[in-house]
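Chemist: sequence plus the predicted model coming up.
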Amino acid sequence: MNKLPLLLFCCCLLCCKPAQAEEQATFNWQFSIGLGLSHSYNLLPALDSQQNGVPQLQLLFDFEYRNWFAETPSLRSSQLFGDPTLGYRLNHSDKHNLAVILATYHNGFGPTISTSDGIPVRKLEGLHNRKTDLMPGLRYQYHAADSQLLSLQLSKDIGAHHGEMLRLFYGFRFEQKNWDLYFNTELSWYSAGLVNYYYGVTSEEARPDRPAYRAGSGWRWHNGVVSVYPLTKQWVMELGTGINWYTRSFTNSPLTRNNPELVSFVLVRYVF
Amino acid sequence: MCFKRYYVLLLLCGSLWQPARAEAELTLSPSTCVTLQQGRECHAQIQIDWQLAQPSPVCLYLDEQQLQCWRHTITAQWQWRFTDIQSRQLTLWQMTATGQQDAALATARIEVSWVQSAHKKRLWRRF
């Protein structure tokens, strides 16, 4: 039963061999190395990045070959190489894009998992390890005039919690002289299985200062601004800040703090 | 040895035959403008400095477009807002009394370049 999403993913690739999709035989790629500083005020206090304010190296690699593609989220902090989204376009035009995608969205944490990330184990003592998820899904994107992006995505985990996620994203790109300014907003719904897996506290995990908690489904609302500025032909500067609000199923957990969650970064990137 | 003497003589004559045209120096700072993607307008605030050996009426041109003129000035600084999708050339012209172009005194070029060529897909920046 749990393998169903993966099977669906594979079936889509095999059965939906695109009749309409125009395959581009050329291999398009973009690779860059960034050096930057980030700061996060995480919903989980234990996950406040230990690398806040410490210079970090980031790699970004995106490619397109025929209908296959990979997108690296360039703005995740504390990671040398952000978890890429792999995908296959089922239908593709200038404006519309329907794709099967595969990505991870929630990093695992726990007493042993977090040690390697430099997170103090003391805060997580007595918890079971939460695994990083792996969520295949279906994504529809609509590009309007190269300056607006609307995206609707449905994903289901196949490895950790078997929960579902639904995301509605809208972004607007605004050109101000040589700057690119991206204003993004995203509303996400998470199933009870997903929220409870990461933010629930079982009776075995409960302590005097950590009561047991069973979470229901919940929502997250993200708003972010990212600006990009060309310094030279090879170097760009990126600045970004984001704020996330969560519903009570998240914030009522003894593992979390109150809203909002804040993330910000500044980096310079060498583009090959 | 004999050739060298003639060469020096030629250089000397050459320099003596040019005094009618005012020597000029034209500098731009910055002289490059970088945009994120090819084909997009590049914006830059450029400081233009020029100086002449002797006062003269001069005008600054962007190709055929007259940008600014000065009357009998020996040096000037001027701030100019550049906006274009391609490299352009500026020319400092010596003007006649009737306001016609007389002689090109100096040229300088603004190079427009870009991080990403036009055919590459622009990645959406987000968290």
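Modeler: In hand now; what should we look at?
Chemist: next one: the closest residue to A:Ser249 other than its chain neighbours from A:Leu44, what distance?
Modeler: Closest residue to A:Ser249 apart from its sequence neighbours, by CB to CB, 6 or more residues apart in numbering or on different chains: A:Gly218 at 3.5 Å. C-beta here means a position set from N, CA and C on the backbone, and glycine is covered the same way. Counting by CB to CB, to the nearest Å, the gap from A:Gly218 to A:Leu44 is 14 Å.
Chemist: settle it for me: which of the two has more neighbours?
Modeler: More crowded of A:Gly218 and A:Leu44, by other CB atoms under 10 Å in any protein chain shown: A:Gly218, with 22 against 19.
Chemist: tell me the pLDDT at the more buried one?
Modeler: A:Gly218 is assigned 97 on the pLDDT scale.
Chemist: that one bridge partners, please.
Modeler: Counting by DSSP bridges, A:Gly218 is bridged to A:Tyr190.
Chemist: that one contacts A:Asn196, correct?
Modeler: No - using CB atoms under 8 Å, A:Gly218 is not in contact with A:Asn196; the gap is 9.6 Å.
Chemist: look up phi and psi at A:Thr202.
Modeler: Backbone torsions for A:Thr202, taken as degrees, to the nearest 10, come to phi -80, psi 170.
Chemist: helices along chain B, start to end?
Modeler: Using DSSP state H, the helices of chain B run over residues B:2-16.
Chemist: below-threshold pLDDT in it: ranges please.
Modeler: By pLDDT under 70, the weakly predicted segments of chain B are B:1-22.
Chemist: 50 instead?
Modeler: Within chain B, the set of residues satisfying pLDDT under 50 comprises B:1, B:10-20.
Chemist: show me what contacts the residue most central in space within it?
Modeler: Nearest to the geometric centre of chain B sits B:Ala108, at 2.5 Å (CA atoms, centre = their mean). Contact partners of B:Ala108, counting by CB atoms under 8 Å, 6 or more residues apart in numbering or on different chains, are B:26-28, B:31, B:48, B:89-90.
Chemist: bridging residues for it?
Modeler: B:Leu90.
Chemist: count of neighbours near B:Leu67?
Modeler: Look at B:Leu67: counted by other CB under 10 Å, it has 13 neighbours.
Chemist: tell me the residues of chain B that contact chain A?
Modeler: B:33-36, B:40, B:42-44, B:113-116, B:120-127 (CB under 8 Å from any CB of the partner chain).
Chemist: output stretch B:60-67 as PDB, nothing but the C-alphas.
Modeler: Extracted in PDB, the C-alpha atoms of stretch B:60-67 (Å, rounded to 0.1, in the frame of the first residue of the first chain):
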ATOM      1  CA  LEU B  60      29.100  64.800 -25.900                       C
ATOM      2  CA  TYR B  61      27.300  62.500 -28.200                       C
ATOM      3  CA  LEU B  62      25.900  59.000 -27.800                       C
ATOM      4  CA  ASP B  63      26.200  57.800 -31.400                       C
ATOM      5  CA  GLU B  64      24.200  60.500 -33.200                       C
ATOM      6  CA  GLN B  65      22.300  61.700 -30.100                       C
ATOM      7  CA  GLN B  66      23.600  64.900 -28.500                       C
ATOM      8  CA  LEU B  67      23.700  64.500 -24.700                       C
END
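Chemist: can you list contacts of that stretch?
Modeler: Here stretch B:60-67 has contacts from B:48, B:50, B:59, B:68-69, B:78, B:80, B:88-93, B:101, using CB under 8 Å, 6+ apart.
Chemist: got the buried residues for that stretch?
Modeler: Across stretch B:60-67, burial judged by 16 or more other CB atoms under 10 Å in any protein chain shown covers B:60-62.
Chemist: re the thing from before, could you flag which of the residues of chain B next to chain A are buried?
Modeler: B:33-36, B:40, B:42-44, B:114-116, B:120, B:123-127.
Chemist: got a list of what the closest residue to B:Arg122 other than its chain neighbours touches?
Modeler: Spatially, and ignoring its direct neighbours in sequence, B:Arg122 is nearest to B:Gln37 (6.3 Å; CB to CB, 6+ apart). Contacts for B:Gln37 were tallied using CB under 8 Å, 6+ apart; they are B:114-118, B:120, B:122.
Chemist: where do the strands of the chain begin and end?
Modeler: If you meant another chain, say so; for now it's chain A. Along chain A, counting by DSSP state E, strands occupy A:27-41, A:56-65, A:68-71, A:85-92, A:96-103, A:135-144, A:148-156, A:164-176, A:179-190, A:218-230, A:235-246, A:261-271.
Chemist: the chain in question should be chain B.
Modeler: B:24-29, B:32-37, B:42-62, B:65-84, B:88-95, B:101-116.
Chemist: now these in a markdown table, with distance to A:Phe31?
Modeler: A markdown table is the format used below for those (distance: least, CB to CB, whole Å):
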| stretch | distance to A:Phe31 |
| --- | --- |
| strand B:24-29 | 32 |
| strand B:32-37 | 17 |
| strand B:42-62 | 24 |
| strand B:65-84 | 29 |
| strand B:88-95 | 32 |
| strand B:101-116 | 12 |
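Chemist: any idea how far the residue nearest to A:Met135 when sequence neighbours are not counted is from A:Glu164?
Modeler: Leaving aside its sequence neighbours, A:Met135 sits nearest to A:Ser155 (CB to CB, 6+ apart; 3.9 Å). Distance of A:Ser155 to A:Glu164, given as CB to CB: 7 Å.
Chemist: who has more neighbours, those two?
Modeler: A:Ser155 (23 against 19).
Chemist: ok, back up a step: what's across from the residue nearest to B:Arg122 in the sheet?
Modeler: Beta-bridge partners of B:Gln37, counted by DSSP bridges, are B:Gln116.
Chemist: show me the contacts for B:Val115.
Modeler: Applying CB under 8 Å, 6+ apart, the residues near B:Val115 are A:230, A:233-234, A:236, A:271, B:34-37.
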